[in-house]
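A.B. asks: Next input, structure requested:
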Amino acid sequence: MLLFYLIVILFNIIQIDCSLETCRQTFGSNKYDLNQLNHITLISEDKTFRYAFNPCDLVPIDKCGKNSGSFEQGMTACQERILGTKFESPMGFLDGYGKLPNLEFSENPQGPGTGIVMIMRNAKCNGVERFVHVTFICDKSIKQPTTMNVIEDPMCKFMITVQAAEACPLKGGISGGAIFIIILIVLIIIYFICGILYNRVKQNQTGLELIPNRSFWLLLGELFLTGCKFTWNFIHNLGQGTSSSKMPYESEAAKEWARREQEWDREKELREKLMRQVMDERQEQVMGKLQALKEQQRETYERRRALIQDMEQARKYDLIEKQKQMKEREEKKQDLQKQISIVQQERAQSQLDLEKQDAIEREEKKQMDQLVRKQKAVISATTVEPKFYGRRRVNWD
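C.D. replies: Okay, here's the model as predicted:
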């Protein structure tokens, strides 16, 4: 399948390369390639019109002005009316878009190596054929030009001049076909190397089994030999028929036809045998892959089950640890409550003791006060005023 995709890609490369081949021209020893300018839009204008030209490529429609209808496909150059920026008409079409005649190329008449001339006749101008003569002049001092010189004289006959280094002859190099062959050989070598390494390392195969898609290559070889034999027999029989003027007898024709049928049957058996081998190998590969996939699924299931068990065990350990911590916290809480209760009881007992002591002290103080009052009363009752033994003072006034 990989080889098939590679072949399809290479054929697409060939097709793309061939679609641009018209702009590659050879005159004597000088080779020109105008594809170097296909990404550049050359612009020129006069008092009335503006011209846009993409050598060997489609001109961008935004360079052609406004158009009430649809643009024709394949335009390589267009004419725009400056007043109102309105699309005027196409000036030329690329090859392959059904616009005949095709592009014409010739070398610059100024001399070999001085440039190349392109002529376009596949557009209309006022109902008649438009003639566009484009001269690409080799000028190594101007690379990637953006302008061109356009002269219309007489009407519907345009002379365009483009000076560019890309219009100079190419230096020596390999052709597109050589590049394709090199790419094809390199890809085939890479394909075989990678296939052999894969079969040796991954599949542990040896001998002819190392060849990737061995059955396909054997079948291809058998078909090639069958084609060679058929071609040889056809040419040989054709030569015999032209060299001899006598027609073969019916029996000889029947024998020849029977012989060919036998060859075809034998070739059919060989093809069927090869196809069976291919299908058997393919089935073995599929079964091997299925077995490997089942093994991977089983390993994945085992790993998942072990992981689930580990998670369950870890969850149990976490639950046990949480229960243990909760139990310890509950025990600590109960101990703390007991200590608080004891302290509260001690405080209550101390308060009661203090109240009793205060009551006793108040009672003792009361009794002491009563005793003091009694003593004062006794003292007051038994007190005698002392006798006066001095003289009384006489008031002399």
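A.B. asks: Just the buried residues of stretch 331-339, please?
C.D. replies: Within stretch 331-339, no residue is scored as buried using 16 or more other Cβ atoms under 10 Å. Where C-beta positions appear, they are placed from N, C-alpha and C, glycine not excepted.
A.B. asks: Just give me how far it sits from the chain centre.
C.D. replies: 68 Å (Cα atoms, centre = their mean, to the nearest Å).
A.B. asks: Next: stretch 89-109.
C.D. replies: With Cα atoms, centre = their mean, you get 40 Å for stretch 89-109.
A.B. asks: just the strands in the stretch 151-300 of the chain please.
C.D. replies: 157-164 (DSSP state E, counting those that start in this stretch).
A.B. asks: Name the spans of it whose pLDDT lies under the cut-off.
C.D. replies: Regions of the stretch 151-300 of the chain meeting the criterion pLDDT under 70 cover residues 172-176, 238-253.
A.B. asks: what helices or strands is the longest helix along the chain leaning on?
C.D. replies: Ranked by residue count under DSSP state H, the longest helix found in the chain is helix 250-381. Packing partners of helix 250-381 (3 or more Cβ pairs under 8 Å, 6 or more residues apart in numbering; DSSP states H and E): helix 214-243.
A.B. asks: Could you tell me the angle between the helix it packs on and helix 250-381?
C.D. replies: Using axes from the mean of the first three to the mean of the last three Cα atoms, to 10 degrees, the inter-axis angle of helix 214-243 relative to helix 250-381 is 160 degrees.
A.B. asks: in helix 214-243, what counts as buried?
C.D. replies: Buried-residue list, helix 214-243, by 16+ other Cβ under 10 Å: 214-215, 218-219, 226.
A.B. asks: Equivalent analysis for stretch 122-134, please.
C.D. replies: Neighbour count says stretch 122-134 has 122-123, 125, 130-134 buried, by 16+ other Cβ under 10 Å.
A.B. asks: ok, those residues vs residue 48, which is closest?
C.D. replies: Set against residue 48, the nearest of those by Cβ to Cβ is residue 125 (14.2 Å).
A.B. asks: What residues does that closest one make contact with?
C.D. replies: Residues near residue 125 by Cβ atoms under 8 Å, 6 or more residues apart in numbering: 89, 155-156.
A.B. asks: same deal with residue 22?
C.D. replies: 56, 95, 102-103, 105.
A.B. asks: mind redoing it with 7 Å?
C.D. replies: 95, 103 (Cβ atoms under 7 Å, 6 or more residues apart in numbering).
A.B. asks: now swap in residue 219 and tell me
C.D. replies: 274, 278.
A.B. asks: any idea how far it lies from residue 275?
C.D. replies: Counting by Cβ to Cβ, to the nearest Å, the separation of residue 219 from residue 275 is 7 Å.
A.B. asks: now swap in residue 180 and tell me
C.D. replies: For residue 180, the distance to residue 275 - Cβ to Cβ - is 31 Å.
A.B. asks: More neighbours: those two, which one.
C.D. replies: residue 180 (15 against 12; other Cβ atoms under 10 Å).
A.B. asks: In contact with residue 137, which residues are there?
C.D. replies: Counting by Cβ under 7 Å, 6+ apart, residue 137 has contacts 108, 114-115, 161-163, 167.
A.B. asks: Just list whatever residues bridge to it.
C.D. replies: residue 115, residue 163 (DSSP bridges).
A.B. asks: Now residue 85. Its backbone dihedrals?
C.D. replies: With angles defined as degrees, to the nearest 10, residue 85 sits at phi 50, psi 50.
A.B. asks: tell me the domain ranges of the chain?
C.D. replies: Annotated domains of the chain cover 7-167, 213-324 [automatic domain parsing].
A.B. asks: Mind putting those domains into JSON lines with distance to residue 370?
C.D. replies: Formatted as JSON lines, the domains of the chain follow (distance: least, Cβ to Cβ, whole Å):
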{"stretch": "domain 7-167", "distance to residue 370": "129"}
{"stretch": "domain 213-324", "distance to residue 370": "69"}
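A.B. asks: and residue 78, how many residues sit next to it?
C.D. replies: Residue 78, neighbours per other Cβ under 10 Å, totals 26.
A.B. asks: Wait, a helix at it?
C.D. replies: No. Assignment of residue 78 by DSSP: H, G, I helix; E, B strand; the rest coil gives strand, placing it outside any helix.
A.B. asks: so it touches residue 52, yeah?
C.D. replies: Yes. Here residue 78 reaches residue 52: they are 5.4 Å apart, a contact under Cβ atoms under 7 Å.
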